[in-house]
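K.L.:
My questions concern the predicted model and sequence given below.
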Amino acid sequence: MRFKASYNLWLIAPAALMVAVFFLYPLYFSLYSAITLDNGSFTLTHLEKAFELYSNDILFTIMLVCVSVFILAILSITIAATIALSPFKRITSLLGFLYRLPLFIPFIVTAQMMRTFLAKNGLMNNAFVEAGLLTPMETISLLGWSGIIITFVWKQMAFSTLLISGAMAALDESQIRAARNLGASKIRILFEVMLPQITPTLGVAMVLSTVTMMSVLSVPLMIGTGSPTMMSADMAFRVNSYGDYHVANALGLVSYLICAGLAWFYLRQSLKDKGAVA
Amino acid sequence: MMDSKSTLTTSFMLKLKHAPTHISFWIQCSFVVIFALMLIGPITNLLLWTVAETWYFPHALPSQWGFKYWQQVFNPYSDVSGSLLTSLLIAILTVCVCLLVSIPAGYALSKRSMPFRVFWMILFLIPQAFPNLTVYMNIARLFYEFNLNGTLLGVVMVHSVHGLMFSIWICVAAFSATDPMLENASRNLGAGPLYTFFHIVLPQAAPGIIASCIFVFLESLDEFTGTFFVGAPDISTLPLLLYTASMEGNYQIASITALILLVPSILFMLIINKFMKPEMLSKLGK
């Protein structure tokens, strides 16, 4: 038996080694580089410098991510709940097809689509003009913070709806039927029967979406307008223009902390819910 | 008299009963229509740009249509065909690397008796659970010391680590679904462990492994950030080319490149749509 276990370890070793060398080591190195000087002594100057130069961008990033996650949660729940509760089969199957469209569209392609769609001369504004809602002079370009939010929500919605829809489909059907027989409205079934049971999945979907938003470089570069911009664009700029890894890694550390903060918020929330039940 | 009054009330009651359904039907209909417009609008805009030769401000639609830029793109000497080949080569190599390491790992992890099984599963999840931009930045710095920056090998390694989570997790699920009795029977009948693995276990897990290959292939094809740090400027993949063209304002070339990137995604989506049931996704990782 012991022989077998070590034999199995050998099977995992190449994959584990790959993750260790090409992910864990650089990850450790980024943390190390963020808080040390070149001679290896501990310092906070890089973090101070990062906050001094980029505090606006850090706030901007946090705000963007929070708004996107909020809209994402509402939209995904609305779609998933419509699919789960609507009595109109045509609508649900159409919706089920539509929400999956962006799932396999790469971020960079989404960014290019939005770069043309949301521009002043984009199809969206043109459609409004043709419909008589706006005159050509009143159109505004949505590129910038709102464009970044729209792009993130557009792309991530498929993934988070898929997860939430899956969680809703896995719920015990008899509970919903019981609630319906006792006269509960659909809104009430959603809020009092379904949502409390899918919070863990919702949390996972939102945390993963946050991580994605923090690490996508193409969207802030292609949709953003320069200043203020997202931290990911700042990091790339810092490295490519100055070769300044210390400040870039300090910004990286801040981005880890933002994700960790959200993950912590989610964990605390789910623990609290469990406590309330017990 | 009584009768007509009662029918009137019943019909009124019936109307009342159906009214909320009607309202919610129209609300849901308009939601779907707005949602569809929001989804299809950007895609339409992309398609329009691929066949627009000139399109400027006050015009709602392109003023001149044509395939001029398609000829430019599919010219054998254009950047696009070179990048397409590089992208495909990198994606295929990435799939090979991922398969080589994740088939054994997936098989080992599918055994419940595996020590520290949860630890290993989480280890392979980590590359997806951290914002990986910072990591790519530092990989590029490391690769610079080993002269791996701007090489095919460097880019393939970065893509493989990124794809490893998909391939290992899906392989674990695929191997877990195989029947252990068949494996035992084969061993009892005197077949060696390698023969049993290749002839009994692997064929059962093949559909799942193919699905994981598709995921890794798509992830590699669409990867931008890692290639941006590690590969540029020597290695030009399609996403990098798209980015450069778009930033130069060359929207036609960018849109056609985007469309080329969309083709494999849509093809695989149609194939994999059967497997991508939300109900199945909720079982992944159990």
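P.N.:
Ah, there it is. Residues are numbered from 1 along each chain as shown, chains lettered A, B, ... in the order given.

K.L.:
ok, for residue A:154, nearest residue in space, not its chain neighbours?
P.N.:
Distance criterion C-beta to C-beta, 6 or more residues apart in numbering or on different chains; nearest residue to residue A:154, sequence neighbours excluded, is residue A:102 at 6.0 Å. C-beta: built from backbone N, CA, C; applies to glycine.

K.L.:
Thought residue A:155 was touching that neighbour, still the case?
P.N.:
Yes. With contact defined as C-beta atoms under 8 Å, residue A:102 and residue A:155 form a contacting pair (5.2 Å).

K.L.:
what is in contact with the two at once?
P.N.:
Applying C-beta atoms under 8 Å, 6 or more residues apart in numbering or on different chains, one finds that residue A:102 and residue A:155 are jointly contacted by residue A:110.

K.L.:
May I have the phi/psi pair for residue A:36?
P.N.:
phi -130, psi 160 (degrees, to the nearest 10).

K.L.:
Next, the contact list for it, please.
P.N.:
Shown in contact with residue A:36 (C-beta under 8 Å, 6+ apart): A:42-43.

K.L.:
So what's the predicted local confidence for it?
P.N.:
What the model reports as pLDDT for residue A:36 is 83.

K.L.:
partners of it in the sheet?
P.N.:
Beta bridges link residue A:36 to residue A:42, judged by DSSP bridges.

K.L.:
Kindly provide the distance from the residue nearest to residue A:154 to residue A:114.
P.N.:
From residue A:102 over to residue A:114 the distance is 11 Å, taken as C-beta to C-beta, to the nearest Å.

K.L.:
Have a look at those two and say which one is more surrounded.
P.N.:
residue A:114 (28 against 23; other C-beta atoms under 10 Å in any protein chain shown).

K.L.:
Secondary structure element holding that one?
P.N.:
helix A:107-117 (DSSP states H and E).

K.L.:
Packing partners of that helix?
P.N.:
On a contact count with 3 or more C-beta pairs under 8 Å, 6 or more residues apart in numbering or on different chains; DSSP states H and E, helix A:107-117 meets helix A:123-130, helix A:145-169, helix A:218-223, helix B:2-50, helix B:202-222, helix B:238-247, helix B:251-272.

K.L.:
Mind listing residues that contact it?
P.N.:
Outside helix A:107-117, the residues that reach it (C-beta under 8 Å, 6+ apart) are A:102, A:105, A:122-124, A:143, A:147, A:150-151, A:154-155, A:216, A:218-219, A:221-223, B:41-43, B:45-46, B:49, B:222, B:224, B:239, B:242-243, B:246, B:251, B:254-255, B:258, B:261-262.

K.L.:
What of stretch A:215-222?
P.N.:
Stretch A:215-222 is contacted by residues A:107-108, A:110-112, A:114-115, A:148, A:151-152, A:229-230, A:232-233, A:236, A:255, B:130-133, B:224-225, B:228, B:239, B:243, B:246-247 when judged by C-beta under 8 Å, 6+ apart.

K.L.:
at 6 Å what do you get?
P.N.:
With contact meaning C-beta atoms under 6 Å, 6 or more residues apart in numbering or on different chains, stretch A:215-222 is reached by A:107-108, A:111, A:115, A:148, A:151, A:229-230, A:232-233, A:236, B:131-133, B:224-225.

K.L.:
Then stretch B:99-116?
P.N.:
So stretch B:99-116 is in contact with A:5, A:8, A:11-12, A:14-15, B:120, B:167-168, B:171-172, B:175-176, going by C-beta under 6 Å, 6+ apart.

K.L.:
If any of the residues you listed are buried, give me the PyMOL selection for them.
P.N.:
PyMOL command restricting those to the buried ones, with burial defined by 16 or more other C-beta atoms under 10 Å in any protein chain shown:
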select buried, (chain A and resi 8+11+12+15) or (chain B and resi 120+167+168+171+172+175+176)
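
K.L.:
and the contacts of stretch B:99-116, which of them are in helices?
P.N.:
A:5, A:8, A:11-12, A:14-15, B:120, B:167-168, B:171-172, B:175-176 (DSSP state H).

K.L.:
How far does whatever helix or strand residue A:233 lives in sit from its chain's centre?
P.N.:
Using DSSP H and E, residue A:233 sits within helix A:231-237. Distance of helix A:231-237 from its chain centroid, counting by C-alpha atoms, centre = their mean, to the nearest Å, is 17 Å.

K.L.:
so what secondary structure elements neighbour it?
P.N.:
For helix A:231-237, the elements it packs on are helix A:45-85, helix A:218-223, helix A:245-277, judged by 3 or more C-beta pairs under 6 Å, 6 or more residues apart in numbering or on different chains; DSSP states H and E.

K.L.:
how about it: buried residues?
P.N.:
A:231-236.

K.L.:
Among these, which one lies nearest to chain B?
P.N.:
Nearest to chain B among the buried residues of helix A:231-237, counting by C-beta to the nearest C-beta, is residue A:232 at 5.1 Å.

K.L.:
and the residue nearest the centre of chain B, how far is that from residue B:128?
P.N.:
Centroid-nearest residue in chain B: residue B:218, 4.9 Å away (criterion: C-alpha atoms, centre = their mean). Distance of residue B:218 to residue B:128, computed by C-beta to C-beta: 15 Å.

K.L.:
give me every residue that touches residue B:186.
P.N.:
Taking C-beta under 6 Å, 6+ apart, one finds B:196, B:200 in contact with residue B:186.

K.L.:
Just the element for it, please.
P.N.:
Here residue B:186 sits within helix B:180-188, counting by DSSP H and E.

K.L.:
Where does the prediction get shaky in the stretch 1-150 of chain B?
P.N.:
Residues of the stretch 1-150 of chain B meeting the criterion pLDDT under 70: B:1-21, B:57-60.

K.L.:
For it, what lies in contact range of chain A?
P.N.:
Proximity of the stretch 1-150 of chain B to chain A is confined to B:28, B:32, B:36, B:39, B:41-42, B:45-46, B:49, B:57-58, B:60, B:101-102, B:104-105, B:108, B:114-115, B:120, B:123, B:127, B:131-135, B:137-139 under the rule C-beta under 6 Å from any C-beta of the partner chain.

K.L.:
Tell me the buried residues within the residues you listed.
P.N.:
B:28, B:32, B:39, B:41-42, B:45-46, B:49, B:101-102, B:104-105, B:108, B:114, B:120, B:123, B:127, B:131-135, B:137-139.

K.L.:
Residue B:255 contacts residue B:47, doesn't it?
P.N.:
No. Judged on C-beta atoms under 6 Å, residue B:255 makes no contact with residue B:47 at a distance of 7.8 Å.

K.L.:
With neighbour numbers in mind, choose between those two.
P.N.:
Neighbours were counted for residue B:255 and for residue B:47 using other C-beta under 10 Å; residue B:255 has more, 27 against 16.

K.L.:
so who does that one touch?
P.N.:
Residue B:255 makes contact with B:46, B:49-50, according to C-beta under 6 Å, 6+ apart.

K.L.:
and if you look at residue A:34?
P.N.:
Contacts for residue A:34 were tallied using C-beta under 6 Å, 6+ apart; they are A:46, A:249-250, A:253.

K.L.:
Name the nearest residue to the residue positioned nearest the centre of chain A, ignoring sequence neighbours.
P.N.:
Central residue of chain A (C-alpha atoms, centre = their mean): residue A:209, 2.2 Å from the mean position. Leaving out its chain neighbours, the residue that sits closest to residue A:209 by C-beta to C-beta, 6+ apart is residue A:156, at 4.6 Å.

K.L.:
Please list all residues in contact with residue A:142.
P.N.:
Going by C-beta under 6 Å, 6+ apart, the list of residues near residue A:142 reads residue A:118.

K.L.:
just residue A:60 next, same as before
P.N.:
Residue A:60 is in contact with residue A:228, counting by C-beta under 6 Å, 6+ apart.

K.L.:
before we move on, what about residue B:254?
P.N.:
Each residue near residue B:254 by C-beta under 6 Å, 6+ apart is listed here: A:112, B:242, B:245-246.
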